[in-house]
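K.L.:
mind looking at a prediction? Sequence and model below.
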Amino acid sequence: MTSLERTLTVINSGIPDRVPVALHNFLMASRMAGFGLRECLAKGELLAEAQLVAWRRFGHDVMLVENGTTAMAQALGCEVVFGDEVAPRIAVPVLKTLEDVEKLVVPDPNTTYPLCEVIKAVKILRRELGEQVFIMGRSDQAPMALAAALRGHGTFWMDLGENEKPELIAKLLDFCVETTTRYALALRDAGAHGTCIGEVGSDVVSPAMYRKLVLPRLQRFFAATGPAFPSAVHQCGDTTAVLPEMVASGARILELDPKTDMHKAKQETQGKTTILGMVDPANVLHRGTPALVAQKSREALEILAPGGGFLIGPGCALVPETPEENVEALIETAHRYGDYRADGTLE
Ligand SMILES: [Zn+2]
């Protein structure tokens, strides 16, 4: 099986030859390629080259292409600060008032910076790699996370708490679904095999608010991207409390942070959707030893792999300084202990 076939088999509820490995490594890849982050994340050619350098080294099955969590916010007019050591962050949000939502215009991803650079990277990677690897062209933030970025996190949570203008909040969230969907479809047209959006989880909003404001919009996004373009949702932190809602969103993949309960995640998703994760990118892959990575990866395989529906990898972005030998240990463990029998048990 090629990496692409192996990954699609899992997403389509089949049993592949072994558990595929997915690397959320755009920051680390930039460092491995010798590029400064500021320069790399701004140019599609460098984003693609960094991914290729990392892929030639690790041979992973799923490639996660993005330039951080601020691409759409920047495209919509937020002021974004880039550094050489850390991921970009928003310095000045674009929405001074909720009423400003009326001024927002859905950008054309193919011509609006920096979305067009991520699209360029996906095109280059698809041209270079063809049907070998599953290329996940990530369409940045999900509706609630994007709305918070556009308005400023603290301010947006206050807007929600005060709830004086629910119709403007709804309008903003609906606008965010529309922009993100358009970006996702542009990435698909550029050659991505799938996409992912990052949403806030249940350690940021209550499960009740998640059900009311987040879930219906995630459902619209996943209905629009459709079954032929497998799409994922990622939520940082502990999202155990909204696992059933994440499954109900229609996401084909849940990219889960290791703070989420692994056993509950398996229980909730078995036979319904696929988990991507859940090896700790900070405490294990960054700060741990290869032996600890092997132990934790094996643990993840034993709990999450039986019956399929699992892509092993870090459940969130790897930091630039992640030791290469730790990523190698993850890959080796997947190759050594991640082979399937036809009945879906591990060999
Ligand atoms: Zn995360």
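P.N.:
Yep, it's here.

K.L.:
grab the nearest non-local neighbour of the closest residue to the ion within the stretch 51-200 of the chain.
P.N.:
Closest contact between the stretch 51-200 of the chain and the ion, by C-beta to the ion, is at residue 198 (6.6 Å). Placement of C-beta: from N, CA and C, glycine included. Leaving out its chain neighbours, the residue that sits closest to residue 198 by C-beta to C-beta, 6 or more residues apart in numbering is residue 234, at 4.6 Å.

K.L.:
which strands and helices sit next to the host helix or strand of that neighbour?
P.N.:
Assigned by DSSP states H and E, residue 234 belongs to strand 231-235. On a contact count with 3 or more C-beta pairs under 8 Å, 6 or more residues apart in numbering; DSSP states H and E, strand 231-235 meets strand 195-199, helix 215-225, strand 253-256.

K.L.:
residue 233 touches residue 197, doesn't it?
P.N.:
Yes: using C-beta atoms under 8 Å, residue 233 is in contact with residue 197, at 5.9 Å.

K.L.:
looking at these two now, which is surrounded by more residues?
P.N.:
Of the pair residue 233 and residue 197, residue 197 is the one with more neighbours under other C-beta atoms under 10 Å, namely 30 against 25.

K.L.:
how close does the closest residue to the more buried one other than its chain neighbours sit to residue 16?
P.N.:
Distances taken as C-beta to C-beta, 6+ apart place residue 142 nearest to residue 197, at 4.0 Å, with adjacent residues excluded. To residue 16, residue 142 is 28 Å away according to C-beta to C-beta, to the nearest Å.

K.L.:
quick one, which of the two is more surrounded?
P.N.:
Neighbours were tallied for residue 142 and for residue 16 using other C-beta under 10 Å; the higher tally belongs to residue 142 (26 against 21).

K.L.:
now do that one, the pLDDT please.
P.N.:
Note for residue 142: predicted pLDDT of 97.

K.L.:
need the contact list for it.
P.N.:
Residue 142 makes contacts with 176, 180, 197, 198, 199, 200, 214, 217, 218, 221, 233, as judged by C-beta atoms under 8 Å, 6 or more residues apart in numbering.

K.L.:
surely the residue nearest to residue 198 and residue 316 touch.
P.N.:
Yes: here residue 234 reaches residue 316: they are 7.4 Å apart, a contact under C-beta under 8 Å.

K.L.:
which strand residues bridge the residue nearest to residue 198?
P.N.:
Counting by DSSP bridges, residue 234 is bridged to residue 198, residue 255.

K.L.:
quick check: the gap between it and residue 140.
P.N.:
According to C-beta to C-beta, residue 234 and residue 140 sit 11 Å apart.

K.L.:
if I look at the two, which residues touch both of them?
P.N.:
Common neighbours of residue 234 and residue 140 (criterion: C-beta under 8 Å, 6+ apart): 197, 198.

K.L.:
helix or strand: which one has residue 278?
P.N.:
Here residue 278 is assigned to strand 274-279, by DSSP H and E.

K.L.:
is the ion contacted by that strand?
P.N.:
No: using C-beta under 5 Å from the ion, strand 274-279 stays clear of the ion, with a minimum separation of 9.6 Å.

K.L.:
so which elements touch that strand?
P.N.:
Contacts defined by 3+ C-beta pairs under 8 Å, 6+ apart place strand 274-279 against strand 253-256, helix 262-269, helix 290-304, strand 310-314.

K.L.:
read off the pLDDT value for residue 241.
P.N.:
96.

K.L.:
residues in the chain within reach of the ion, list them.
P.N.:
The chain comes close to the ion at residues 236, 316, as judged by C-beta under 5 Å from the ion.

K.L.:
ranges for the strands of the chain?
P.N.:
22-23, 62-65, 79-81, 89-92, 134-137, 195-199, 231-235, 253-256, 274-279, 310-314 (DSSP state E).

K.L.:
can I get those in JSON lines including mean pLDDT?
P.N.:
Below are the strands of the chain laid out as JSON lines (pLDDT from 0 to 100):
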{"stretch": "strand 22-23", "mean pLDDT": "98"}
{"stretch": "strand 62-65", "mean pLDDT": "98"}
{"stretch": "strand 79-81", "mean pLDDT": "95"}
{"stretch": "strand 89-92", "mean pLDDT": "95"}
{"stretch": "strand 134-137", "mean pLDDT": "98"}
{"stretch": "strand 195-199", "mean pLDDT": "98"}
{"stretch": "strand 231-235", "mean pLDDT": "97"}
{"stretch": "strand 253-256", "mean pLDDT": "98"}
{"stretch": "strand 274-279", "mean pLDDT": "98"}
{"stretch": "strand 310-314", "mean pLDDT": "98"}
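
K.L.:
need these in TSV (columns: distance to residue 30).
P.N.:
Formatted as TSV, the strands of the chain follow (distance: least, C-beta to C-beta, whole Å):
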stretch	distance to residue 30
strand 22-23	13
strand 62-65	12
strand 79-81	16
strand 89-92	16
strand 134-137	17
strand 195-199	19
strand 231-235	19
strand 253-256	20
strand 274-279	21
strand 310-314	16
